[in-house]
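Colleague: my questions are about this predicted structure, shown below with the sequence.
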Amino acid sequence: MSFEFSDVLKHLPHRFPFLFIDKIVGVELGQSIHAQKNVSINEDFFNGHFPNKPVMPGVLIIEALAQAAGILGFMTMEKTPEEGSIYYFAGADKVRFKNPVSPGDTINLFASIRSEKRGIWKFDCKAEVDGKSVCEATILCADRPK
(Lines give C-alpha, C1' and ligand atoms only; values in the text may rest on other atoms or scores of the structure.)
Protein backbone atom coordinates (compact mmCIF):
# COMPACT_ATOMS: atom_id res chain seq x y z
CA MET A 1 0.00 0.00 0.00
CA SER A 2 1.41 3.42 -0.88
CA PHE A 3 0.56 6.68 0.82
CA GLU A 4 0.34 10.31 -0.26
CA PHE A 5 0.87 13.40 1.88
CA SER A 6 -2.90 13.87 1.68
CA ASP A 7 -3.22 10.70 3.82
CA VAL A 8 -1.29 12.46 6.59
CA LEU A 9 -3.61 15.48 6.37
CA LYS A 10 -6.69 13.23 6.30
CA HIS A 11 -5.76 11.38 9.49
CA LEU A 12 -4.36 14.25 11.60
CA PRO A 13 -6.00 17.52 12.64
CA HIS A 14 -2.55 19.17 12.89
CA ARG A 15 -1.35 21.73 10.36
CA PHE A 16 1.77 23.83 9.81
CA PRO A 17 3.66 24.80 11.93
CA PHE A 18 2.65 21.96 14.28
CA LEU A 19 2.53 19.08 11.81
CA PHE A 20 5.53 16.80 12.36
CA ILE A 21 4.81 13.96 9.91
CA ASP A 22 6.04 14.32 6.33
CA LYS A 23 5.53 10.80 5.09
CA ILE A 24 3.79 7.54 5.93
CA VAL A 25 6.19 4.77 4.89
CA GLY A 26 4.02 1.83 5.90
CA VAL A 27 1.10 0.77 8.08
CA GLU A 28 -0.09 -2.59 9.37
CA LEU A 29 -3.63 -1.78 10.51
CA GLY A 30 -4.21 -2.75 14.11
CA GLN A 31 -0.48 -3.24 14.62
CA SER A 32 2.14 -0.67 13.62
CA ILE A 33 3.19 2.36 11.59
CA HIS A 34 6.43 3.69 10.14
CA ALA A 35 6.38 7.42 9.39
CA GLN A 36 9.05 10.04 8.74
CA LYS A 37 9.85 13.62 9.66
CA ASN A 38 12.42 15.53 7.59
CA VAL A 39 14.20 17.99 9.85
CA SER A 40 15.07 21.32 8.20
CA ILE A 41 17.20 24.22 9.48
CA ASN A 42 14.18 26.38 8.54
CA GLU A 43 12.14 25.01 11.49
CA ASP A 44 11.25 27.93 13.78
CA PHE A 45 12.40 26.17 16.95
CA PHE A 46 16.03 26.16 15.76
CA ASN A 47 16.15 29.95 16.21
CA GLY A 48 16.41 29.45 19.95
CA HIS A 49 17.31 25.77 20.44
CA PHE A 50 20.26 26.33 20.22
CA PRO A 51 21.57 29.26 18.13
CA ASN A 52 25.08 27.87 17.50
CA LYS A 53 24.27 24.17 17.95
CA PRO A 54 20.79 23.43 16.51
CA VAL A 55 19.14 20.47 18.26
CA MET A 56 15.49 19.44 17.83
CA PRO A 57 13.73 19.71 21.21
CA GLY A 58 12.93 16.33 22.72
CA VAL A 59 9.35 17.33 23.41
CA LEU A 60 8.84 17.80 19.65
CA ILE A 61 10.26 14.35 18.94
CA ILE A 62 7.67 13.00 21.41
CA GLU A 63 4.99 15.02 19.60
CA ALA A 64 6.08 13.54 16.25
CA LEU A 65 5.82 10.03 17.74
CA ALA A 66 2.37 10.86 19.13
CA GLN A 67 1.25 12.11 15.71
CA ALA A 68 2.47 8.89 14.07
CA ALA A 69 0.60 6.89 16.73
CA GLY A 70 -2.48 9.04 16.09
CA ILE A 71 -2.43 8.23 12.40
CA LEU A 72 -2.19 4.52 13.22
CA GLY A 73 -5.09 4.79 15.66
CA PHE A 74 -7.31 6.73 13.23
CA MET A 75 -6.55 4.33 10.37
CA THR A 76 -7.15 1.29 12.56
CA MET A 77 -10.52 2.67 13.73
CA GLU A 78 -11.35 3.74 10.17
CA LYS A 79 -12.06 7.26 11.45
CA THR A 80 -10.85 10.74 10.57
CA PRO A 81 -10.81 14.00 12.54
CA GLU A 82 -13.17 15.43 9.93
CA GLU A 83 -15.80 12.87 11.00
CA GLY A 84 -15.90 14.33 14.52
CA SER A 85 -13.25 12.32 16.36
CA ILE A 86 -10.09 13.74 17.89
CA TYR A 87 -7.09 11.94 19.32
CA TYR A 88 -5.66 13.66 22.39
CA PHE A 89 -2.11 13.10 23.58
CA ALA A 90 -2.76 11.72 27.07
CA GLY A 91 0.70 10.89 28.37
CA ALA A 92 4.16 9.50 27.90
CA ASP A 93 5.94 6.94 30.05
CA LYS A 94 9.43 5.47 30.01
CA VAL A 95 10.74 8.33 27.84
CA ARG A 96 14.42 8.09 27.00
CA PHE A 97 16.46 10.29 24.66
CA LYS A 98 19.53 8.60 23.24
CA ASN A 99 21.01 10.91 20.57
CA PRO A 100 20.37 14.46 19.35
CA VAL A 101 18.45 15.26 16.16
CA SER A 102 19.92 17.96 13.92
CA PRO A 103 18.97 19.81 10.73
CA GLY A 104 19.25 17.55 7.69
CA ASP A 105 18.23 14.43 9.62
CA THR A 106 15.28 12.25 8.66
CA ILE A 107 13.61 10.84 11.75
CA ASN A 108 12.05 7.42 11.27
CA LEU A 109 9.09 7.19 13.61
CA PHE A 110 7.74 3.81 14.68
CA ALA A 111 4.65 3.11 16.77
CA SER A 112 3.10 -0.23 17.69
CA ILE A 113 -0.22 -0.72 19.43
CA ARG A 114 0.25 -2.23 22.86
CA SER A 115 -3.39 -1.98 24.02
CA GLU A 116 -6.72 -0.18 23.69
CA LYS A 117 -9.35 0.06 26.41
CA ARG A 118 -12.38 2.39 26.44
CA GLY A 119 -10.82 4.71 23.90
CA ILE A 120 -7.43 4.94 25.63
CA TRP A 121 -4.69 3.65 23.36
CA LYS A 122 -1.19 2.71 24.47
CA PHE A 123 1.64 2.63 21.93
CA ASP A 124 5.25 1.45 22.09
CA CYS A 125 7.19 4.08 20.14
CA LYS A 126 10.72 4.69 18.97
CA ALA A 127 12.47 7.26 16.81
CA GLU A 128 15.63 6.58 14.82
CA VAL A 129 18.01 8.54 12.61
CA ASP A 130 20.24 6.51 10.28
CA GLY A 131 19.43 3.35 12.25
CA LYS A 132 20.51 4.91 15.58
CA SER A 133 17.96 5.28 18.36
CA VAL A 134 17.16 8.88 19.29
CA CYS A 135 14.10 8.34 21.50
CA GLU A 136 11.95 5.60 23.01
CA ALA A 137 8.64 6.06 24.83
CA THR A 138 5.30 4.54 25.69
CA ILE A 139 2.66 7.00 24.48
CA LEU A 140 -0.98 7.17 25.50
CA CYS A 141 -3.68 8.74 23.32
CA ALA A 142 -7.38 9.21 24.04
CA ASP A 143 -9.99 8.98 21.27
CA ARG A 144 -12.74 11.47 22.08
CA PRO A 145 -15.55 13.26 20.23
CA LYS A 146 -14.52 16.66 18.86
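Modeller: It's in. Numbers count the residues shown, from 1 in each chain.
Colleague: what's the longest helix in this structure?
Modeller: When the chain is parsed with DSSP state H, its longest helix is helix 58-77.
Colleague: just the buried positions in that helix, please.
Modeller: 58, 60-77 (16 or more other CB atoms under 10 Å). For the C-beta atoms, the positions are set from N, CA and C on the backbone; glycine is no exception.
Colleague: with stretch 123-142 instead?
Modeller: Buried residues in stretch 123-142 (16+ other CB under 10 Å): 123-129, 134-137, 139-141.
Colleague: all strands in the protein, in order from the N-terminus.
Modeller: 23-28, 32-38, 85-97, 106-117, 120-129, 132-145 (DSSP state E).
Colleague: test my guess that V129 contacts P103.
Modeller: No - at 11.6 Å, V129 and P103 do not qualify as touching, with contact defined as CB atoms under 8 Å.
Colleague: quick one: contacts for the residue lying farthest from the centre of the chain?
Modeller: Largest separation from the mean C-alpha position in the chain: N52, at 26.7 Å (CA atoms, centre = their mean). Going by CB atoms under 8 Å, 6 or more residues apart in numbering, N52 touches no other residue.
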